[in-house]
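Colleague: Need coordinates for the below:
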Amino acid sequence: MSDQQLKAMVAEMRKQEFEKSVYIIKEEEDGDEIFVMEKGKIEITYMEEDGREEKLRELEAPVTFGEIALLFNTPRTASVRALTKCTTWTINRFEFSSIISSVNKHIYVERSAFLREVKFLSHLSDYDIAKIANIASGAFEVKIVNTFIVVH
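Modeller: Residues are numbered from 1 along each chain as shown. Purely as a prediction, here's the structure:
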């Protein structure tokens, strides 16, 4: 994640506090938030097929959780319960996706504009420039090697 994306996410995050013993996440519920825990301790559990609750682990701040449901649009795969008072920061799927998309679009436009200024690429169509801009990541170098354009 770029610094720009991280700053945008921090600006959108909301603070949530949870008292001891409260479930922050319940297994099988729809999940559309990721949590970054600033303070506290949590317990992660899941239900066995026979109905027993199985403890996976305990985690202390700083830690991130809830990302699986957010990234893969699936129900929660485990329950998370506060073992102490917890302070978390959250961002929902819509805001998360919007930030990633917006920042990526801005980077893509900047790359395309840069590539349009490269003289030996001037004969390429907008479509070809777009394909090169799309595959380039981070800092990159464009050069011709044996009549092939190499983005490195």
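Colleague: wouldn't residue 67 be in contact with residue 34 here?
Modeller: Yes - Residue 67 lies in contact with residue 34 (C-beta atoms under 8 Å); the separation is 4.9 Å. Heads up, the C-betas are built off the backbone N, CA and C, glycines and all.
Colleague: Between the two, point out the one with more neighbours.
Modeller: residue 34 (22 against 14; other C-beta atoms under 10 Å).
Colleague: what does the one helix or strand the more buried one maps to rub up against?
Modeller: Assigned by DSSP states H and E, residue 34 belongs to strand 33-39. When contacts are defined by C-beta atoms under 8 Å, 6 or more residues apart in numbering, strand 33-39 is touched by residues 13, 16, 24-25, 59, 61-67, 70, 80, 85-93, 96.
Colleague: Do you have the helices of this structure handy? List them.
Modeller: 3-12, 67-72, 93-116, 126-135 (DSSP state H).
Colleague: in the second one, what's buried?
Modeller: Buried residues in helix 67-72, defined by neighbour count with 16 or more other C-beta atoms under 10 Å: 69-70.
Colleague: what about that helix, distance to the chain center?
Modeller: Mean C-alpha position of helix 67-72 versus that of the full chain (C-alpha atoms, centre = their mean, to the nearest Å) differs by 9 Å.
Colleague: Show me what that helix is packed up against.
Modeller: If contacts are counted by 3 or more C-beta pairs under 8 Å, 6 or more residues apart in numbering; DSSP states H and E, helix 67-72 sits against strand 33-39.
Colleague: where are the low-confidence patches of this structure?
Modeller: Residue ranges of the chain with pLDDT under 70: 1-2, 5, 99-109, 112, 120-121, 126-152.
Colleague: Let me see the domain layout of it.
Modeller: 12-96, 100-151 (automatic domain parsing).
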